[in-house]
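Participant: Prediction below, plus the sequence it came from.
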Amino acid sequence: MSKQNYTIVIPSRYASSRFPGKPLHPLNGVPMILHTVARARESNADEIVVATDDERIEKVCRDASVDVQMTREDHPSGTDRIAEVATIRSWGDDRLIVGLQGDEPATPAHHLNLLADNLNLYPVADMATLCMPIQHLEDYQNVHRVKVVRDHEGMALYFSRASIPARRDPSNDNTFPSSYLHIGLYAYRCGYLKQYPQLKPCELEQEEQLEQLRVMYNGGRIHVGEVGPSNARGVDHPDDVPVLEAVLSEKFGAPVP
């Protein structure tokens, strides 16, 4: 159980090219954003804030007694939106913030607690994230599944959509090197988070479409903790809805009282 005080910010925007209105789409009869809030409430966070640019999302959250912060519409990433919340609310540089994307309604609470604990345990890290062992060749080869390699202290060396680490001499038995999938959750030190919007985008980030590479390119350090295999996943497309509804029913039962 986490002993570290921390805040969860849930960035949630209405616009989505693949799934417009996603945060308010019902999962088992309840808007997706409220499922995500329910996961946050199961954690040990001492404060939970939804960050949005849409009045419809704001209303649904306020009607459910959820703290909401309205933000600008033009943020290129969830991290930028979280940074605006930190600035608006004048949070101190030492505060630890965990970002939970609004379309991650099946995130286990212990993952959120672990992120805060790990960031507290590794003072050299500016951010913390998670990974899990790859168990299937198709995940290792899938460019839509992000991989990460770490040093001996668990600090990220690189994130990629490519199959890393690569085996120089491929085998013929469909095996692959010990490797890890990145779980797209982040914890931030508030002082570093406020600096993030000023970091220059880099070519690596643009090629891979991975915002965490901007952090590493500009000298930031990211601790990557390991968790066991999990069927938690986000909602990227309407086709994901039935899968998530089944996961929510199995793992969490009635999601929102």
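Facilitator: Perfect, I can see it now. Numbering: from 1, shown residues only.

Participant: Going by C-alpha atoms from here, please, whenever you check contacts or count neighbours.
Facilitator: OK.

Participant: What distance do you get for the residue of the chain positioned farthest from its centre to residue 57?
Facilitator: In the chain, counting by C-alpha atoms, centre = their mean, residue 172 sits farthest out from the average C-alpha position, at 35.4 Å. Distance, residue 172 to residue 57, by C-alpha to C-alpha, to the nearest Å: 51 Å.

Participant: Looking at the closest residue in space to residue 124 that isn't next to it in sequence now. What's its pLDDT?
Facilitator: Leaving aside its chain neighbours, residue 124 sits nearest to residue 221 (7.2 Å; criterion: C-alpha to C-alpha, 6 or more residues apart in numbering). Looking at residue 221, its pLDDT stands at 97.

Participant: re earlier: assumed the residue farthest from the centre of the chain was part of a strand.
Facilitator: No - going by DSSP: H, G, I helix; E, B strand; the rest coil, the assignment for residue 172 is coil, not a strand.

Participant: wait, what's in contact with the residue nearest to residue 124?
Facilitator: By C-alpha atoms under 8 Å, 6 or more residues apart in numbering, the residues touching residue 221 are 124-127, 155-156, 215.

Participant: Same question for residue 72.
Facilitator: Residue 72 makes contacts with 53, 81, as judged by C-alpha under 8 Å, 6+ apart.

Participant: contacting residues around the nearest residue to residue 16 once chain neighbours are set aside?
Facilitator: Closest residue to residue 16 apart from its sequence neighbours, by C-alpha to C-alpha, 6+ apart: residue 22 at 7.2 Å. Applying C-alpha under 8 Å, 6+ apart, we find residue 22 in contact with 14-16, 32, 103.

Participant: Go through those and flag which are in helices.
Facilitator: Among these, the members found in helices (DSSP state H) are residue 32.

Participant: Which of the contacts of residue 22 has the largest number of neighbours?
Facilitator: For those, the largest number of neighbours (other C-alpha atoms under 10 Å) sits with residue 32, at 24 neighbours.

Participant: For stretch 125-132, give the mean pLDDT please.
Facilitator: 97.

Participant: got a list of contacts for it?
Facilitator: Contacts for stretch 125-132 (C-alpha under 8 Å, 6+ apart): 111, 115-116, 118-119, 148, 155, 180-189, 192, 220-230.

Participant: Show the buried residues in the residues you listed.
Facilitator: The neighbour-count test (16 or more other C-alpha atoms under 10 Å) marks 111, 115-116, 118-119, 148, 155, 180-189, 192, 220-226 as buried among the contacts of stretch 125-132.

Participant: Take those residues and keep only those in strands.
Facilitator: Those of those mapping onto strands are 148, 180-189, 222-226, per DSSP state E.

Participant: Per-residue pLDDT of residue 122, please?
Facilitator: Note on residue 122: pLDDT of 96.

Participant: I meant residue 234, not that one.
Facilitator: Reported pLDDT at residue 234 in the predicted model: 80.

Participant: go on, residue 2?
Facilitator: The per-residue pLDDT reported for residue 2 equals 47.

Participant: Same check on the one 5 residues further on?
Facilitator: Reading off the per-residue confidence, residue 7 sits at a pLDDT of 98.

Participant: Quick one: residues contacting it.
Facilitator: With contact set as C-alpha under 8 Å, 6+ apart, residue 7 has these partners: 45-49, 95-98.

Participant: Buried ones only from those residues, please, as a PyMOL command.
Facilitator: A single PyMOL command selects the buried members of the contacts of residue 7 (16+ other C-alpha under 10 Å):
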select buried, resi 45+48+49+96+97+98
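
Participant: residue ranges for the helices of the protein, please.
Facilitator: 32-41, 55-63, 78-88, 109-121, 137-141, 190-195, 203-208, 212-217, 241-252.

Participant: Now do the longest one against strand 180-189: the angle between them, please.
Facilitator: If I follow you right, that is helix 109-121. Counting by axes from the mean of the first three to the mean of the last three C-alpha atoms, to 10 degrees, helix 109-121 lies at 60 degrees to strand 180-189.

Participant: I am finished for the moment; much appreciated.
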